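>>> Structure of the sequence below:
(chains A and B)
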There are 2 protein chains.
Amino acid sequence: MDQADKQQNFTDEERRGVYRAIHERRDTRHFVPGKVNPDVLVRIINAAHHAPSVGYMQPWRFIHMTDPSYRDSLIELVNEERLKTAEALGERGETFMKMKVEGIRECSDIIIVALPHKREEYVFGRRSMPHMDLASVSCAIQNMWLAARAEGIGMGWVSIFDPEALRRLLAAPEGVEPIAILCIGHVECFDDRPLLEIQGWDKRRRLSGIMMENKWHND
Amino acid sequence: MDQADKQQNFTDEERRGVYRAIHERRDTRHFVPGKVNPDVLVRIINAAHHAPSVGYMQPWRFIHMTDPSYRDSLIELVNEERLKTAEALGERGETFMKMKVEGIRECSDIIIVALPHKREEYVFGRRSMPHMDLASVSCAIQNMWLAARAEGIGMGWVSIFDPEALRRLLAAPEGVEPIAILCIGHVECFDDRPLLEIQGWDKRRRLSGIMMENKWHND
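From the prediction side, this is the model:
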């Protein structure tokens, strides 16, 4: 055991890997053909399962949609909500409708992520903030994203759907809350900036615009 | 530029770094003295700022609590909610009260993470699921956690407080929603398992218990 191991420290290259994954991860809508190696998929899901969770609740459930016939139903769900979103966006609705918001047809694997039912049993860390279960699942999805990036695999989180309609499609009991349609697959490349920045939808805020000291003093 | 760069691939060691961060990250409550290097802190916050966000909303705000007098107020907030949680937990309340749930006094840096007000303007990806802003902020916090682990720094997410009381402490406008008191600092070591597992609160589910195929079929 060398010095680095004893101290549980990361090597420079391992640390660089973590920052690369964080900075080079993209929310992917464009995929190229080819199946993702099932072993890689298991590593990515296992990465999710090692996320932190409030009170060790592990409130994440993953439904792997292997039957291709579901792709049409999922695209239909997204298209319905897409039109409603465009309408709600008002003058930006037209720009929004030109954007590709999902890669359901082209990706290798689709995984639905959902919060389970019977969550009211879990009180630790959630009594005053019950939505901390969603926070935990989101940490799990971020782990998947970074693991996928490290494996050279793209992932996109689609949240443009009616969660109740998706719950019924899954034949899931009441109380189950789908939060993501994840599209996972091979990509031609990873863009150097977020797609919504490249397309001019918005730009990254400056660090000074998100940092404050001791008191709230900006918006 | 070598082959790996051209393909944007990770080296084996970089990829190992990502998985190490994911598997060796801990929700930390025990800190040792010593200030975290301010450059490291900036890298960690910048990692948060490179998280994905719904509609590129970037709904994360970080309040660095540098005035030491706030530590008492934060501990008071947590202790109040801790008692209420213990009561709500019923027979497990006594076990819960024996657990260390925060390291506010001992950590080097405290950062409050909050959702900003005026979020109703953002509709992209949130019309049917407005809570996707919390999902984005949680991805940002997971980035911080992994970056901190890669830097050899511990971090704990405390969610045991009344968010409205914390909002008032920050003098933040209505609509601002604090979601985390993050304790960041040096640690003696990183445990090989989650603290709540070591303490016997719960154990990790098997992968088969969180995975399904095509339809909901467990729990």
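>>> A:F10 - nearest residue in space that isn't next to it in sequence?
B:A150 (5.0 Å; Cβ to Cβ, 6 or more residues apart in numbering or on different chains). (Each C-beta comes from the backbone N, C-alpha and C, glycine too.)
>>> is it true that that neighbour touches B:A21?
Yes. Using Cβ atoms under 8 Å, B:A150 is in contact with B:A21, at 5.1 Å.
>>> any residues in contact with both of those two?
Shared contacts of B:A150 and B:A21 (Cβ atoms under 8 Å, 6 or more residues apart in numbering or on different chains): A:10, A:18.
>>> backbone phi and psi for the residue nearest the centre of chain A, please?
Nearest to the mean C-alpha position of chain A, by Cα atoms, centre = their mean, lies A:W157 at 4.2 Å. Torsion angles at A:W157 (phi, psi; degrees, to the nearest 10) stand at phi -100, psi 110.
>>> Which residues are in contact with the residue nearest to it when sequence neighbours are not counted?
Nearest-residue entry for A:W157: A:A180, 5.1 Å, with adjacent residues in sequence omitted and distances by Cβ to Cβ, 6+ apart. By Cβ under 8 Å, 6+ apart, the residues touching A:A180 are A:112-113, A:141, A:157-159.
>>> Repeat the analysis, applying 10 Å as the threshold.
Going by Cβ atoms under 10 Å, 6 or more residues apart in numbering or on different chains, A:A180 touches A:62, A:111-114, A:137-138, A:141, A:144, A:155-159, A:161, A:163, A:166, B:129, B:132, B:135.
>>> Check the secondary structure at A:I63 for me.
Here A:I63 is strand, with the state taken from DSSP: H, G, I helix; E, B strand; the rest coil.
>>> which residues does it form a beta bridge with?
A:I112, B:M212 (DSSP bridges).
>>> Following element in sequence after the strand ranked longest in chain A, please.
The strand that spans the most residues within chain A, counting by DSSP state E, is strand A:177-185. Elements were assigned by DSSP states H and E; along the chain past strand A:177-185, the next helix or strand is helix A:195-198.
>>> Report whether that next one contacts chain B.
Yes. Counting by Cβ under 10 Å from any Cβ of the partner chain, chain B is contacted by helix A:195-198 at A:195-197.
>>> Give me the mean pLDDT for that helix.
For helix A:195-198, mean pLDDT is 95.
>>> Check stretch A:97-114 too.
Here the average pLDDT along stretch A:97-114 is 97.
>>> how about that stretch as CSV, C-alpha atoms only?
Output of stretch A:97-114 as CSV, limited to C-alpha atoms (Å, rounded to 0.1, in the frame of the first residue of the first chain):
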residue,chain,number,x,y,z
MET,A,97,-40.6,23.9,-30.7
LYS,A,98,-37.6,23.9,-33.0
MET,A,99,-35.4,22.3,-30.3
LYS,A,100,-34.8,18.6,-30.0
VAL,A,101,-35.8,17.7,-26.5
GLU,A,102,-35.4,13.9,-26.5
GLY,A,103,-33.5,11.1,-28.2
ILE,A,104,-36.0,8.3,-27.3
ARG,A,105,-36.0,6.8,-30.8
GLU,A,106,-32.3,6.7,-31.4
CYS,A,107,-30.8,5.9,-28.1
SER,A,108,-29.6,2.5,-27.1
ASP,A,109,-31.4,2.2,-23.7
ILE,A,110,-34.3,3.9,-22.0
ILE,A,111,-34.5,3.9,-18.2
ILE,A,112,-37.4,5.5,-16.4
VAL,A,113,-36.5,6.7,-12.9
ALA,A,114,-39.3,6.9,-10.4
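>>> Just the buried residues of that stretch, please?
The neighbour-count check on stretch A:97-114 (16 or more other Cβ atoms under 10 Å in any protein chain shown) flags A:101-104, A:107-114 as buried.
>>> Please flag which of the residues you listed sit within strands.
A:109-114.
>>> just the helices in chain A please.
Using DSSP state H, the helices found in chain A span residues A:3-6, A:12-24, A:38-49, A:70-88, A:93-97, A:132-150, A:163-169, A:195-198.
>>> quick one: the last one to chain centroid distance?
Taking Cα atoms, centre = their mean, to the nearest Å, one finds the center of helix A:195-198 at 17 Å from the center of the full chain.
>>> same thing with the second one?
If you compare the mean C-alpha spot of helix A:12-24 with that of the full chain, they lie 19 Å apart, counting by Cα atoms, centre = their mean.
>>> Tell me who's in contact with the nearest residue to A:H186 once chain neighbours are set aside.
Nearest non-adjacent residue to A:H186, counting by Cβ to Cβ, 6+ apart: A:G34, 4.4 Å away. For A:G34, the contact set (Cβ under 10 Å, 6+ apart) comprises A:108, A:185-187.
>>> picking that back up, now the longest strand of chain A, how far from the centre of its chain.
Computed by Cα atoms, centre = their mean, the chain-centroid distance of strand A:177-185 equals 7 Å.
>>> Ok, stretch A:80-89 next?
Centre to centre, stretch against its chain (Cα atoms, centre = their mean), the figure for stretch A:80-89 is 21 Å.
>>> For the spatially closest residue to A:Q199 that is not a sequence neighbour, list the residues it contacts.
Leaving aside its sequence neighbours, A:Q199 sits nearest to A:M99 (Cβ to Cβ, 6+ apart; 6.4 Å). Counting by Cβ under 10 Å, 6+ apart, A:M99 touches A:29, A:82, A:86, A:195-196, A:199, A:201, B:124.
>>> ok, and the helix or strand in chain A with the lowest average confidence?
One helix or strand of chain A scores below all others by mean pLDDT, DSSP states H and E: helix A:3-6, with a mean of 50.
>>> that older thread, quick check: beta-bridge partners of the residue nearest to the centre of chain A?
With DSSP bridges as the rule, A:W157 is bridged to A:L182.
>>> Run through the residues that contact it.
Here A:W157 is in contact with A:27-28, A:102, A:113, A:138, A:141-142, A:144-145, A:179-183, B:52, B:54, B:125, B:132, B:135-136, B:139 (Cβ under 10 Å, 6+ apart).
>>> just A:M97 next, same as before
So A:M97 contacts A:82-83, A:85-87, A:89 (Cβ under 10 Å, 6+ apart).
>>> again, but for A:S73
A:65, A:104, A:165-166, A:169.
>>> With respect to chain B, which of the contacts of A:G34 is nearest?
Of all the contacts of A:G34, A:V187 has the smallest distance to chain B: 9.2 Å, by Cβ to the nearest Cβ.
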